[in-house]
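In: can you look at this prediction? I've put the sequence above it.
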Amino acid sequence: MDQTDGASSLQQRWFADRYAANARFVSDLAEPLIKNLAPCSGELILDLGCGDGALTKLVAEAGAMVVGVDASLDQIKACQNLGIPAAVMDGHNLAFKEVFDAILTNAALHWMTSPNDVIDAMWNALKPGGRVIGEMGGAGNIARITRALTEALTRRNLQDRIVFPWFFPNEADYCERLESRGFVVNYMALMPRPTPLPGEITDWLDTFGEQFLFLLPERERAAFKEEVAEELEADLFDPNGRWVADYVRLRFTATRPEEA
Ligand code: BEZ
């Protein structure tokens, strides 16, 4: 992911233990991507935004050599603890030139808000003929959650301080960006995927929504999160007693042609 662990008080921070407790579903739900990636022994694969390495490890177990990069040092340490070579790196500016047979990226690209720079970096990192298999938040992702956050901040007259931290494109937008760089897009689909959460929506807000929470003094954040939860309850708390986030995924595969 393209945010650092965050000395800055407004930046989303990543803690491997918090992520494991509240967001394991992110890598669990992405396991079908491994099938699409079809890693072969002898291939060198980059996991862009590898997080704590849970998905990266599956690529290694399939027999490929895999390297993880992520902007969070804490996540990179967790990935390295699984025995996977991994480095802190910004996805907008990958330090690789025609090295990889394939790039896998899950739930990371939406944190990188200059998408053309990321697409350029992926192109450069791939060998000619290399492929990208990706999944990210797409148009409409967490729209209900975002609206509740925005409304609660607006009630505090803080709406002008919101900096939307995510890039959620639709199919046409992302396809055009990839094709403009020269990629051949093999597959692109936007799919709603309501996602049951392992705990409270307030835990989700802590894990993923810090850029909204940090607009408030710490002493006001608990009440703010409860207010947002109350607002969301009718739409996102299902009859089985679980919170279900209104996720929409954009899944794609693209190839850097042999001859550009
Ligand atoms: C996502 O995986 O779609 C996502 C996660 C956290 C915040 C925003 C989006």
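Out: Ah, there it is. Numbers count the residues shown, from 1 in each chain.
In: find the nearest non-adjacent residue to the one residue in the stretch 1-150 of the chain that gets nearest to the ligand, please.
Out: Proximity to the ligand, evaluated over the stretch 1-150 of the chain using CB to the nearest ligand atom, is greatest for G137 at 3.2 Å. The way it works is simple: take the backbone N, C-alpha and C, and place the C-beta from them, glycine included. Of all residues not flanking G137 in the chain, H110 sits nearest, at 4.0 Å (CB to CB, 6 or more residues apart in numbering).
In: packing partners for the strand ranked longest in the chain?
Out: In the chain, assigned by DSSP state E, the strand with the most residues is strand 126-137. Here strand 126-137 touches helix 31-37, strand 100-106, strand 248-255, going by 3 or more CB pairs under 8 Å, 6 or more residues apart in numbering; DSSP states H and E.
In: worst mean pLDDT among those?
Out: Mean pLDDT is lowest for helix 31-37 among these, at a mean of 92.
In: hmm, that helix touching the ligand?
Out: No. Using CB under 6 Å from any ligand atom, helix 31-37 never reaches the ligand; the gap is at least 13.1 Å.
In: what does the helix or strand just after that helix rub up against?
Out: Of the helices and strands lying after helix 31-37 in sequence (DSSP states H and E), the nearest is strand 44-48. With CB atoms under 8 Å, 6 or more residues apart in numbering as the test, strand 44-48 has contacts from 37, 39, 53, 55-56, 59, 64-69, 91, 94, 96, 99-105, 108-109, 122, 125.
In: of these, just the buried ones, ChimeraX syntax please.
Out: The ChimeraX command for the buried members of the contacts of strand 44-48 (criterion: 16 or more other CB atoms under 10 Å) is given here:
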select :37,39,53,55,56,59,64,65,66,67,68,69,91,94,96,100,101,102,103,104,105,108,109,122,125
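In: list the buried ones in the helix or strand where M122 lies?
Out: M122 belongs to helix 115-125 when assigned by DSSP H and E. For helix 115-125, burial by neighbour count (16+ other CB under 10 Å) applies to P115, D117, V118, I119, D120, A121, M122, W123, N124, A125.
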